[in-house]
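In: no FASTA, just this:
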C-alpha cells in the first residue's frame with residue numbers, strides 16, 4: 001500500500017473537483033489493490049488462479065475515479081464498482097468464483113460509507129480511510 005501512495009504525485013492527489021471524495025475513494029482503491037495483491041501470497045487459498053495485476057490497473061482506476069467525480073454531480077458507486085472490479089481488474093480474472101470475490105471485495109470499499117471518517121475497511125481497528133488532508 002505504501003508503494004501505491006508513494007507513486008501518486010501531490011498535484012494528482014489534490015486536483016479534483018471533489019477533493020474529499022477523491023481522497024477517500026483513492027485510499028479505498030489503494031487498500032483494495034493491496035488486498036488483492038496480498039491474497040496472491042496464499043496460492044489457491046487466495047485466488048483460484050494466479051493473476052498478474054499491474055500498476056496500470058490502479059492507475060487507470062484512479063483516473064476513472066477522478067473523471068467520474070469531476071463530471072458527475074453525485075458519486076456513481078455502481079459504475080465505479082463495475083469499472084474497477086469487472087473491467088480494470090476483473091478483465092484478467094477468468095475463474096467465476098474469483099470474479100464474485102473481487103466484486104464483493106470492492107463493494108466493501110467503494111460504498112457511500114467510505115465518506116464517514118469512522119468507517120472501517122476491515123474488522124481490525126487500524127484500517128480506515130483517514131480524514132481529508134494532505135498526501
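Out: In hand now; what should we look at? It should be emphasised that the depicted structure is a prediction, and the values quoted were computed from it without experimental measurement.

In: give the contact list for residue 123.
Out: Residues near residue 123 by C-beta atoms under 8 Å, 6 or more residues apart in numbering: none. All C-beta spots, glycine's among them, are computed from the backbone N, C-alpha and C.

In: and if you look at residue 130?
Out: Neighbour list for residue 130: 27, 117 [criterion: C-beta under 8 Å, 6+ apart].

In: check it and give its pLDDT.
Out: Per-residue confidence (pLDDT) for residue 130: 85.

In: helix, strand or coil for it?
Out: State at residue 130, reduced to three classes by DSSP: H, G, I helix; E, B strand; the rest coil: coil.

In: and the gap between it and residue 117?
Out: Using C-beta to C-beta, to the nearest Å, we find residue 130 at a distance of 8 Å from residue 117.

In: repeat that for residue 69.
Out: For residue 69, the distance to residue 117 - C-beta to C-beta - is 18 Å.
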